[in-house]
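J.: sharing a sequence plus its predicted fold:
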Amino acid sequence: QVQLVESGGGSVQAGGSLRVACAASGVSYSSLCMAWFRQAPGKEREGVASISASGRAYYADSVKGRFIISQDNAERTMYLQMNSLKPEDTYVYYCAAGPGCGLASGEYRYWGQGTQVTVSS
């Protein structure tokens, strides 16, 4: 059974940093792409960053230069380091796993339950 479990969300002031993590089990971690998405109530889920099994990373323009995606294959854990956070980064953040490596939600088959990130001004 595939499980993706996010952790590390919380509240921070603008300009601060947070790191969220996604622990994966039941998947062939080395053969899938992993990604972070975010979603606000009533809005579509948007891709934030993705990383291939080989470590190649892709970022949405809105977070490029501020967020860093990484993975620890031995620990089967993916991370999103979020720096220089802005109030508009306030979303529920979801991790995902699937055969695609882009930033479209349709490319991903497995999803976590989400973790809230709130940035105050």
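T.: All right, it came through fine. This structure is a prediction, so every number in the text was calculated from the model and none was measured. Numbering: from 1, shown residues only.
J.: list the contacts of the residue nearest the centre of the chain.
T.: Nearest to the geometric centre of the chain sits W36, at 2.2 Å (C-alpha atoms, centre = their mean). Listed by C-beta atoms under 8 Å, 6 or more residues apart in numbering, the contact set of W36 reads 20, 22, 47-50, 69, 78, 80, 93-96. (Glycine included, C-beta is placed from N, CA and C.)
J.: now do the strands in this protein.
T.: Listed in chain order, the strands of the chain (DSSP state E) span 3-7, 10-13, 18-25, 33-39, 46-51, 57-59, 67-72, 77-82, 91-98, 110-111, 115-120.
J.: and A104, which of those strands is closest to it?
T.: The closest of these to A104 is strand 46-51. By C-beta to C-beta, the value is 6.5 Å.
J.: neighbours of R19, how many?
T.: 14 (other C-beta atoms under 10 Å).
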